[in-house]
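Trainee: Build me a model:
(chains A and B)
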Amino acid sequence: MADEILKVRDLTTRFFTEEGQVNAVEHVDFDVRDGEVFGIVGESGSGKSVTALSLIDLVETPGRIVEGEVWYRDADLAEEHRDSHPEAVDGDYVDVRQLPEATRRWLRGPAFATIFQDPMSSLNPSITVGEQIAEAVEVQRRARANPRRTRSRTQGYGLGRLIAGAVLPSQGYVSEESKQRAVELLERVGIPDPEQRAEEYPHEFSGGMLQRAMVAQALAGEPDVLIADEPTTALDVTIQAQILNLLTELQEEEDMSVVLITHNLGVIARMCQRVGVMYAGEVVERGSLEDVFENPIHPYTEGLLGSIPDIEDPAPRLSPIEGNVPSLLDAEMGEKCYFADRCPKAMTSCLTDIEEHEAPAATDDTDHLVRCILADREYDESEALGSAAKQGVISDD
Amino acid sequence: MTETAPERESAGDDALVEVRNLRKYYQDGGGLLDRVLGREATSVKAVDGVSFDVREGETLGLVGESGCGKSTTGETLLRLREATDGTVAFDGENVFDLDDESMSSFRRRAQIVFQDPFSSLDPRMTVGAVVAEGMRIHGLPESDPTVATAAELTVGDGIDRTVEVSVAEDLDRVVDGDDGVARVSVTVRKDEGADDETPYEASVDGYGDLLGATVEDRDTDLHVEVTVTGSANAIRKKRAGDLLERVGLSADQVDRYPHEFSGGQRQRVGIARALALDPEFIVLDEPVSALDVSVQAQVLNLLDELQDEFGLTYLFIAHDLSVVRHICDRVAVMYLGRVAELGPTDEIFENPDHPYTEALLESVPRAEVAEQGRRVATLAGDVPSPRNPPSGCRFRTRCPKVIPPDDIEIEQAAFRAVMNLREEIEAENLDPDEVRAADPAAYRKEEVPGIAGENAGVVDEALEAVADGDFDTAAETLRDRFETVCETTPPDDSPGGDGTVVACHLHD
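Mentor: Next up, the predicted model:
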């Protein structure tokens, strides 16, 4: 079995809002192996993006990671912290969440890098693309030279900073070397004429080109794990195909692992070796692409696959999942299977036998995990949860 | 509200909407400041000569990437935007020169559902008011003189007199007609054991406060009169409730506000609004793009059912090809303001004739295990700007099958590379220093592999001109030898006899 670069255990992130506590991510477990693309698929509000943010510790208030471990394999880091933070070290792995803040921040770049859905809002419109990438390179270069005293950014962009920058020119210093590297990175991601494009501003780039620039920026730190959160959702299919090809190419050549988050099952199928399906903040099913797509056990996975029209073999009617995605407000969730009220195979025990973690599917090997009572038993119609009972368990509207 | 379908003038075939040569340009610049600065106004050619028919009862898909003009086409043909040129005939009449009265009728018969269910519903109106708004504007519900009215009478025990019923003529404002008759059931009764003084009672079953029945005691018989008692507003609200129920919401949600609904539910409200005026034709502008897949499937099924039930004709605008395949009878593929290919859905998806359609279909990731690791032959580059679209065939700048001139011999891939180089030179994107440093012939081998002989000679000559900084000569040299029919002649994109289009010279 391949080695895991990342082992996520029991990750739980909640948002404490005025309306109440929102359980965005609940007890999520998964592994990412060396050189693989691990997919996380789910509908909006299923917690997939918050999972990504939790991995790199970028959850903003009112959100907070309340529980969980993110084990990242780095022998040097493990050695370094074995004495000072014994609880954060296990063999070659370090628990990112228990490392000191400075180290954690340092990890962003060489360990984890992210690309987000909307490249337009991820780049600063008033700074040239080349400069923004060069800045990322510069940060990584400095961090590597002096890992203890990393500044997470070289420069702020307020008026005060502008004045300070004029008085103290070294503040925003980006070396020629970094600028050169930025141009190389732009070339690496397939941007034609990189020298000239580096001088341009984000608005002069098309959507596809911007997403390439985002990838270039993510590559600045030569990351072990690239977290791509809906990297192609805002793009047209032909451009999406270009970006997916680029990601595959880079992943193979740079030997990165990729966590690919998307709602598009087709993208998952093209890119991923293994996949986790999220629903209402939980990973409900996870396994190899074959396990999940061809032998789905969780009725939600089945429903999801059944609701997309097949481009090659159009069925006369789709079989959608009835109802809507549930509210994640703690008060409204209760102790039951969150999918029970929409589930065509709901049984009475779905309201009581709650699994906190996935169980191995009885039908095949241990790699296929399901958070559903159907994991190790057959659907029994005599125990079917009637629609009235389903209504009873959901809120009264 | 029952309208028997009005007699249609035969339009030669069964086309409900005929779009011919539709153009929509947006002016950019040309304001006062631009004039002071001496800048010339340019136009963005969003839709640049589009022709197609939408046949009665069919779903025509309009598919393409963002910026291809598909939404603008949908909005322009409904006259929500002023067209720059072209005609749209709806049921035989040109939509662009209708008088006020015909326009009002057109507005009733043709409706639209927008993409974004969040911005297309007024947050300050209840969904009932949203759905009823169109009816209010058009003074509906009105009575249709061709619909007859009738009552089904049930006489209770203890009534041994003849009962006669008369029904108000405008009953069809409340009651849907069936085969041209609006029918209600009325019950007349008298409490058992009541004395002679007690009056008879008549009631209409269902319809709440909207209908009332009064009994008049005549000497030998009873006369029951059914009247519409509800206000126009109440009738509209009732109908809004019915429509909400029809689209899968519940009638008692009429008093709720849009923010109380999820995206899928709001889209259902948008559909109910479009249905409120009994339209014949609905433009569905990316109706499921903003929805999650599970909800998307629900809405697609709903649209299917409604089409059967109300005999609707759809123009379905979308970028998601699998959705289009699922719901459309025929598909028009648009590229940069023009129709590239139009034909029956199965034909388009199984045997695409246009290289762009092929590339588009090739790009779609399928949700199946066989998809894993599939490398897609992607189109290079981005869609050109609609301000200055390529001459001839719009797709020629990216087309992998761009046609070489007859009199030269060159590999397809090599010709594509030559064309790419030519565009770079015409746009003056090459760096003369770089070409000079690399030596033109070496540069050619790198950028345009696979050519030899005279072809290579011409390219070298052009690159030498580039090295001297003379882009015009370079472009001219290349153009002389490598001129493709794709750039000189626009392909024919008017619908043929069977309504299909393949706007590609390869197809001629």
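Trainee: all contacts plus neighbour counts: C-alpha atoms, from now on.
Mentor: Noted.
Trainee: what does the stretch 401-508 of chain B put close to chain A?
Mentor: Applying C-alpha under 8 Å from any C-alpha of the partner chain, one finds that the stretch 401-508 of chain B approaches chain A through B:Asn429.
Trainee: let's see it at 6 Å
Mentor: Within the stretch 401-508 of chain B, not a single residue sits near chain A (C-alpha under 6 Å from any C-alpha of the partner chain).
Trainee: where along the stretch 401-508 of chain B do the strands fall?
Mentor: Remark: strands assigned in the stretch 401-508 of chain B by DSSP state E, counting those that start in this stretch are B:501-502.
Trainee: and what of chain A?
Mentor: A:4-17, A:20-33, A:37-41, A:63-73, A:89-90, A:93-95, A:112-115, A:225-229, A:257-262, A:274-279, A:282-288, A:359-360, A:369-370 (DSSP state E).
Trainee: Select, out of those, the one closest to A:Met209.
Mentor: Taking C-alpha to C-alpha, strand A:112-115 is the member of the strands of chain A nearest to A:Met209, at 13.4 Å.
Trainee: Centroid-nearest residue for chain A?
Mentor: A centroid search over chain A (C-alpha atoms, centre = their mean) returns A:Ala52, at 3.3 Å, as the residue closest to the centre.
Trainee: Tell me the spacing between that residue and B:Asp308.
Mentor: According to C-alpha to C-alpha, to the nearest Å, A:Ala52 and B:Asp308 sit 44 Å apart.
Trainee: what does A:Ala198 give?
Mentor: For A:Ala198, the distance to B:Asp308 - C-alpha to C-alpha - is 55 Å.
Trainee: What of A:Leu53?
Mentor: A:Leu53 is 46 Å from B:Asp308, by C-alpha to C-alpha.
Trainee: between the two, which one's more packed in?
Mentor: More neighbours surround A:Leu53 than the other of A:Leu53 and B:Asp308, with 18 against 11 (other C-alpha atoms under 10 Å in any protein chain shown).
Trainee: Following element in sequence after the lengthiest helix in chain B, please.
Mentor: With secondary structure taken from DSSP state H, chain B has its longest helix at helix B:293-310. Per DSSP states H and E, the first helix or strand lying C-terminal to helix B:293-310 is strand B:313-318.
Trainee: What mean pLDDT does that following strand get?
Mentor: The pLDDT scores in strand B:313-318 average 95.
Trainee: so how far is that strand from its chain's centroid?
Mentor: 4 Å (C-alpha atoms, centre = their mean, to the nearest Å).
Trainee: is any part of that strand close to chain A?
Mentor: No: Strand B:313-318 does not reach chain A (C-alpha under 6 Å from any C-alpha); its nearest approach is 11.5 Å.
Trainee: what lines up beside that strand in the sheet?
Mentor: strand B:59-63 (parallel), strand B:281-285 (parallel) (DSSP bridges).
Trainee: how about the residues of chain A that lie near chain B?
Mentor: Counting by C-alpha under 6 Å from any C-alpha, chain A sits next to chain B at A:43, A:236-238, A:241-242, A:265-267, A:269-271, A:307, A:309-311, A:314, A:318, A:320-321.
Trainee: let's go with 7 Å and repeat that
Mentor: A:43-44, A:236-238, A:241-242, A:245, A:265-267, A:269-272, A:289-290, A:293, A:304, A:307-311, A:314, A:317-318, A:320-321 (C-alpha under 7 Å from any C-alpha of the partner chain).
Trainee: For B:Val369, list the residues it contacts.
Mentor: Shown in contact with B:Val369 (C-alpha atoms under 7 Å, 6 or more residues apart in numbering or on different chains): A:269, A:289-290, A:293.
Trainee: Drop anything exposed from these.
Mentor: Neighbour-count burial (16 or more other C-alpha atoms under 10 Å in any protein chain shown) is assigned, among the contacts of B:Val369, to A:269, A:289-290, A:293.
Trainee: one step back: what residues does the longest helix of chain B touch?
Mentor: In contact with helix B:293-310 (C-alpha under 7 Å, 6+ apart) are residues A:304, A:307-308, A:317-318, A:320-321, B:247, B:264, B:288.
Trainee: so what pLDDT did the nearest residue to A:Gly45 once chain neighbours are set aside get?
Mentor: In space, and not counting its chain neighbours, A:Gly45 is closest to A:Ala280: 6.9 Å by C-alpha to C-alpha, 6 or more residues apart in numbering or on different chains. For A:Ala280, the pLDDT comes out at 89.
Trainee: Quick check: A:Ala280 touching A:Lys48?
Mentor: No: using C-alpha atoms under 7 Å as the test, A:Ala280 is too far from A:Lys48 to be in contact (9.4 Å).
Trainee: who has more neighbours, those two?
Mentor: A:Lys48 (30 against 25).
Trainee: give the contact list for that one.
Mentor: Contacts for A:Lys48 (C-alpha under 7 Å, 6+ apart) come out as A:40, A:42, A:261, A:278.
Trainee: and if you look at A:Ala182?
Mentor: A:Ala182 touches A:130, A:133-134, counting by C-alpha under 7 Å, 6+ apart.
Trainee: If you tally nearby residues, what's the number for A:Thr238?
Mentor: 25.
Trainee: Just the C-alphas of stretch B:215-227, formatted as PDB.
Mentor: Taking Å, rounded to 0.1, in the frame of the first residue of the first chain, the C-alpha atoms of stretch B:215-227 are listed here in PDB:
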ATOM      1  CA  VAL B 215     -81.100  30.300  -3.200                       C
ATOM      2  CA  GLU B 216     -84.200  32.000  -4.200                       C
ATOM      3  CA  ASP B 217     -87.400  30.400  -3.100                       C
ATOM      4  CA  ARG B 218     -90.000  30.700  -5.900                       C
ATOM      5  CA  ASP B 219     -93.400  29.200  -5.600                       C
ATOM      6  CA  THR B 220     -93.000  25.900  -7.300                       C
ATOM      7  CA  ASP B 221     -89.200  25.700  -7.600                       C
ATOM      8  CA  LEU B 222     -86.000  26.800  -6.200                       C
ATOM      9  CA  HIS B 223     -83.600  29.000  -8.100                       C
ATOM     10  CA  VAL B 224     -79.900  28.700  -7.300                       C
ATOM     11  CA  GLU B 225     -77.500  31.300  -8.600                       C
ATOM     12  CA  VAL B 226     -73.800  30.800  -8.600                       C
ATOM     13  CA  THR B 227     -71.700  34.000  -8.700                       C
END
